[in-house]
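S.K.: Take this sequence and fold it.
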Amino acid sequence: MKRKHVLQYCAAMLISSAAIAQQPIPKTLPAKRTTATFKIDGNLEEAAWKEATPATQFVEWRPNFGAIEDADTRTEIYLLYDNTSIYIAGYCHEKSKDSVSKELVGRDVIGVNDYVGVIFDTYKDKINGFGFYITPLGEQFDAKYSNTVGEDGSWNAVWDGEAKIVSDGWTFEMRIPHSAIRFVSKENQAWGLNITRNRKKVGRQFMWNPVDPKVNGFLNQAGEWTGIEKIVAPVRLQFSPYFSTYINHYPNNTAGVKNVTSSVNGGMDVKYGISDAFTLDMTLIPDFGQVQSDNQVLNLTPFEVKFNENRSFFTEGTELFSKGNLFYSRRIGGQPLNAYSINLGSDEEVKKNPLESKLINATKVSGRTKKGFGLGVFNAITKPMYATIENSVTKETRKAETGPLTNYNIIVFDQTLKNNSSVSFINTNTLRSGGDYDANVSAALFDFNNKKNTYNWNGKFSVSQLLFKDNTISGYSQNLGFGKTGGRWNFQLAQELADEKYDINDMGILFNNNYIDHYFWTGYRWLKPTKWYNRIQVNYNANYSALYKKIPGQFVDGKFQSFNTNVNANIQFKNLWWMGMFVGYSTRGNDFYEPRSQGYSFKTPTRLQFNPWVETNFTKKYYVSFNYFVGIRKLDLFTSPNHEISIFHRYRFSDRFSISQSLNYNPVKNDAGFYNPTDENGNQIIVSDILFSRRDRKTVDNVVSFKYSFNNKSGITLRARHYWSKVHVKELYDLQTSGVLKPTSHTTLPLINQNYNIFNIDAVYTLQFAPGSFINIVWKDQSFMFDREIGYRYFKNFGRTVDAPQNNNLSLKVIYFLDYLDFKKWKKKKEKDA
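M.R.: The predicted structure is shown next:
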């Protein structure tokens, strides 16, 4: 199960619900300096804890906002600090230890665990914060908060924490070094502070300072930690050198090509605090070979597939770079620019063509001053990439450049304003050596809330440039939005447009330009629990899309593309089950992209969609989520039913061991789509018409995961995924200039089916042998099969995929965390002992 955010509604709350006319006075907790020494073991045996004023009287956040926690399940949290660290301890009372929900799932994963989290707003700007969380079995997770991405769970810090189960609940201790957070050095200061406790078995979450779900914002509803005296932001200089080695086996069985290859690598990540406010992060000679395999799919659309980012450097602390949605980090180290534009001479063929660019280094500088000014600078450089070309007659080889030396750069300025508002500027720039073009995109953004924090205005104005040797292509885009973010009833109105030359795809991702869209959403929530439910939400959506400008040579009149509308609702019952329903309708429209030819459009059918879903109580040993979708599309010549069944279920055998499966089954009858005519050998057949096919497509995406944890510092995970998609082409049609289909006049063309399979295994052993230091052993296995044989059933087809040549990769990576402050202490101790 993927990581669930510890404050699942934080991001939503940054755009949600009503402010009351006058905010309640926030709670305060006096800070207490200590000179004691702590053993972080979760036992709370140190007498110094009694010197701290406890944070108590927690208030329920959800589902029943405002209720005070019961005496026999009360929460007591203690905070102390010294010149180097913040110390936190807690006693989470329960009626018995059996009431504690616990599971070993690994760092930065929640699972079914109860937890306590402490959130600091060190600049007290009510927009940015740091969260540190611990579970009853001592596992850690941390997060960063901002008004850009809400909760960023990919952020990681190095800190200590342990917990212990006791007869009437659980206790914990944490030590957070000052170097893990950012703050201003002052004689006397106060920080924003909130503390949350989640009791999973009863589905109740509490906050120390009340967070009203009807108030827009989360950090702006924090309490205060007051009287923090004479702390100085330390030198933040940390190194994470790594060593890795790989051995790879693939049965090439070709003369001159090795079946087994190996490599040894080394590099380093560096983190340096330039000032109290700004931090430099750098990765030198990075190695991302152990990241999870991508979920490859058979892509029949005219657009590229967007993959998740699994490289930690590009996910941690990137909230500033996410502004404006101009940055798609997979561009960095992605496919070389000219990988499929190689000029071949007679008798030449491509022998080797890397499809990923090699990253030399990447650097980030980011932070925010006490006056709310945020600055982000990102830079990355990739090596030139070359394909190997061989003359089949002379056997001579040569190198052909497929990707130039490339520099990627982003700069962001962001100024926070009162009422949780902000203005921003972002620029992305791609510079390439040699004769290839460069690219530049700039955007200005605003996000304004009214004084009562109940209404929001937002917008973006963006300009793109493709810089060629002899000309520049400039494009423009804008977004404008207005909405009510306060109360149980909310709405959002938005307009987004991009002209026909707008292009951000050198560092971002944009599937198509030349559009003007109008969007309306409204929703109403019932937040007060009753005897049979905890909460209900009902939403209505409508989206109208048109071309911004008519396409040159366009055959159909007008600019209309699509109109979609839907109503959806969800409910959480008292037994912590969820249930929901989606009903949608789309009118006939015009698809200008599926024909893959300028001027043509495909007359899309009307669609009626139904999507019921249900999920059980996640904290039970057996959990299941079931989702069924059916869509009926009516074309002039045939009807196309689309069914999709998605099931996720998990069984926990113990607190250490669990198995889960995610299964998606999607059979589509009479799907209509572009057809590229080829012969049995894949050679292109040239025809004068644009062809579409009536096809049946069946897709199965099956993922099985095993997890076993030895303790809260080490464990094994195994993820096996088989993806199968087969396409049965039944009939061909010619696309008319009116956008409708007619049976093809090219009756002798072959009907080419597709059978696409990919099987991956990602097995990972992780050991955290010291804070921030890890040993990772990873085994990856991949087999791929693509042919025309669509007659096999699932298990026979799976067997054929496993029997295909397999690429096996075994790797070892050791990461060791070094902190300059620890080195400084060691040096002082050595001098003292001498």
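S.K.: where along the stretch 201-350 of the chain do the helices fall?
M.R.: Using DSSP state H, counting those that start in this stretch, no helices are found in the stretch 201-350 of the chain.
S.K.: residue contacts, Lys621?
M.R.: For Lys621, the contacting residues are Tyr651, Arg652, by Cβ atoms under 8 Å, 6 or more residues apart in numbering. C-beta coordinates here come from the backbone N, C-alpha and C atoms, glycine included.
S.K.: where's it relative to Val112, distance?
M.R.: Distance check for Lys621 against Val112: by Cβ to Cβ, to the nearest Å, it reads 9 Å.
S.K.: before we move on, what about Leu284?
M.R.: Applying Cβ to Cβ to Leu284 and Val112 gives a distance of 39 Å.
S.K.: Neighbour count: these two, which is higher?
M.R.: Val112 (23 against 14; other Cβ atoms under 10 Å).
S.K.: ok, the more buried one - contacts?
M.R.: Applying Cβ under 8 Å, 6+ apart to Val112 gives the contacts Ser101, Lys102, Glu103, Lys200, Phe618, Thr619, Arg652.
S.K.: show me what contacts the fifth one?
M.R.: Phe618 is in contact with Val112, Lys200, Leu576, counting by Cβ under 8 Å, 6+ apart.
S.K.: just Ile274 next, same as before
M.R.: So Ile274 contacts Leu280, Val365, Gly367 (Cβ under 8 Å, 6+ apart).
S.K.: what's around the second one, how many residues?
M.R.: Val365 is surrounded by 18 other residues when neighbours are defined as other Cβ under 10 Å.
S.K.: Help me confirm that it is found in a strand?
M.R.: Yes - looking at Val365 with DSSP: H, G, I helix; E, B strand; the rest coil, it is inside a strand.
S.K.: tell me the contacts of it?
M.R.: Ile274, Phe278, Thr279, Leu280, Asp281, Leu375, Gly376, Val377, Phe378.
S.K.: ok, now with 10 Å
M.R.: By Cβ atoms under 10 Å, 6 or more residues apart in numbering, the residues touching Val365 are 272, 274, 278-282, 320, 375-379, 411.
S.K.: same thing with the first one?
M.R.: By Cβ under 10 Å, 6+ apart, the contact list for Leu280 reads 236-237, 270-274, 363-367, 377.
S.K.: so it bridges to which residues?
M.R.: Tyr272, Val365 (DSSP bridges).
S.K.: Relative to Leu818, how far out is it?
M.R.: Taken as Cβ to Cβ, the span from Leu280 to Leu818 is 16 Å.
S.K.: among the contacts of Leu280, which ones are buried?
M.R.: Applying 16 or more other Cβ atoms under 10 Å to these, the neighbour count classes Arg236, Leu237, Lys271, Tyr272, Gly273, Thr363, Lys364, Val365, Ser366, Gly367, Val377 as buried.
S.K.: Which two of these have the greatest separation?
M.R.: Using Cβ to Cβ, the buried ones among the contacts of Leu280 span at most 18.7 Å, a distance reached by Leu237 and Val377.
S.K.: Can you get me a residue count around Asp833?
M.R.: Neighbours of Asp833 (other Cβ under 10 Å): 6.
S.K.: please begin residue numbering at 42 from this point
M.R.: Taking 42 as the first residue, the last one we looked at is Asp874.
S.K.: so who does it touch?
M.R.: Applying Cβ under 10 Å, 6+ apart, no residues contact Asp874.
S.K.: for Gly500, helix, strand, or coil?
M.R.: Per three-state DSSP, the local secondary structure of Gly500 is strand.
S.K.: now swap in the one 5 residues further on and tell me
M.R.: Judged by three-state DSSP, the three-state class of Ser505 is strand.
S.K.: my read: it touches Asn470, true?
M.R.: No - if you go by Cβ atoms under 10 Å, Ser505 and Asn470 don't touch, sitting 11.2 Å apart.
S.K.: Looking at those two, which is more packed in?
M.R.: Taking other Cβ under 10 Å, Ser505 and Asn470 do not tie; Ser505 has more neighbours (27 against 19).
S.K.: Beta-bridge partners for that one, please?
M.R.: Val482, Gly516.
S.K.: swap in Val157?
M.R.: With DSSP bridges as the criterion, Val157 is bridged to Ile175, Arg238.
S.K.: what residues are up against it?
M.R.: Each residue near Val157 by Cβ under 10 Å, 6+ apart is listed here: 116, 118, 129, 131, 133, 173-177, 204, 211, 213, 215, 236-239, 247.
S.K.: Likewise for Val741?
M.R.: Residues in contact with Val741, defined by Cβ under 10 Å, 6+ apart, are 704-708, 763-767, 798, 835, 838-839.
S.K.: From Phe836, how far off is it?
M.R.: 11 Å.
S.K.: one step back: got the contacts of Phe659 as JSON lines, with secondary structure and pLDDT columns?
M.R.: Below are the contacts of Phe659 laid out as JSON lines (DSSP: H, G, I helix; E, B strand; the rest coil; pLDDT from 0 to 100):
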{"residue": "Val153", "secondary structure": "coil", "pLDDT": "94"}
{"residue": "Lys241", "secondary structure": "coil", "pLDDT": "95"}
{"residue": "Leu617", "secondary structure": "coil", "pLDDT": "95"}
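S.K.: After the helix or strand of the chain with the lowest mean pLDDT, which helix or strand is next?
M.R.: Every helix and strand of the chain was ranked by mean pLDDT, DSSP states H and E. The lowest is helix 51-54, at a mean of 39. Per DSSP states H and E, helix 51-54 leads on to strand 69-71 as the next helix or strand towards the C-terminus.
S.K.: which secondary structure elements does that next one contact?
M.R.: Other elements packing on strand 69-71 under the criterion 3 or more Cβ pairs under 10 Å, 6 or more residues apart in numbering; DSSP states H and E are strand 116-122, strand 227-240, strand 264-272.
S.K.: go with 8 Å
M.R.: Counting contacts by 3 or more Cβ pairs under 8 Å, 6 or more residues apart in numbering; DSSP states H and E, strand 69-71 packs against strand 264-272.
S.K.: So in that sheet, which strands flank the strand it packs on, and in what orientation?
M.R.: By DSSP bridges, strand 264-272 pairs with strand 69-71 (parallel), strand 227-240 (antiparallel).
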